[in-house]
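Chemist: just a sequence and a predicted model for now, questions to come.
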Amino acid sequence: MRTISLSIVVMIPKEKEKSLMYLIRHLQKLIDADFDKRLAEYGLTCQQGRILFFVARCHKEVHQIDIENEFHLSKSTVSGIVRRMEKKNLITIKKQHPYAIIEPGIEGKNVISHLTVHRQEALDKLLQNIDKDKQEELFITLNQLIKNMEGGDSNV
């Protein structure tokens, strides 16, 4: 199997290695792998980690439907994730009519605190050796790429 995997890597055309889409995917995989590694230290899945950060960073009351919409997940999937996260004290659910309010729990706040430090370390690593002007240019360009893909301002 190693030979097959190795030959596949070797056979990637030079054009693909340098393509923008390939570079973006590769960078995302590296970022995800680092995030997954950090989450595993707390016994969390990637999806649980993302939901935990969403709940903590949201500037309004969070309901299950908000998580469903944000992550494009079914009601039953979110129900299961939320139930498991509540058992681990990562989130608390305040039962109020008509919808329950989801908030970070005690364990969730601790995890967020630790992961926020790791997140900054990862960002520092990502941007090392890139001067502030280029960082700002990168930020603007990435936001424009996102806007383009979401269908805004099509000047093509």
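Modeler: Sure, I can see it.
Chemist: what are the ranges of the strands in this protein?
Modeler: 91-94, 101-104 (DSSP state E).
Chemist: so what strands line up beside the first one?
Modeler: Strand partners for strand 91-94, identified by DSSP bridges, are recorded as strand 101-104 (antiparallel).
Chemist: could you check stretch 114-130 and say which residues are buried?
Modeler: Neighbour counts over stretch 114-130 (16 or more other Cβ atoms under 10 Å) mark 115, 122 as buried. C-beta: built from backbone N, CA, C; applies to glycine.
Chemist: for it, which outside residues touch it?
Modeler: 31, 34-35, 38-39, 42, 49, 53, 135, 138 (Cβ atoms under 8 Å, 6 or more residues apart in numbering).
Chemist: same thing but at 6 Å, please
Modeler: 34, 38, 135 (Cβ atoms under 6 Å, 6 or more residues apart in numbering).
Chemist: make a PyMOL selection of the buried ones in those residues.
Modeler: Buried residues within the contacts of stretch 114-130, by 16+ other Cβ under 10 Å, are selected in PyMOL with:
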select buried, resi 34+38
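Chemist: any chance of the strands of the chain in JSON lines, plus mean pLDDT?
Modeler: Listed next are the strands of the chain as JSON lines, based on pLDDT from 0 to 100:
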{"stretch": "strand 91-94", "mean pLDDT": "93"}
{"stretch": "strand 101-104", "mean pLDDT": "94"}
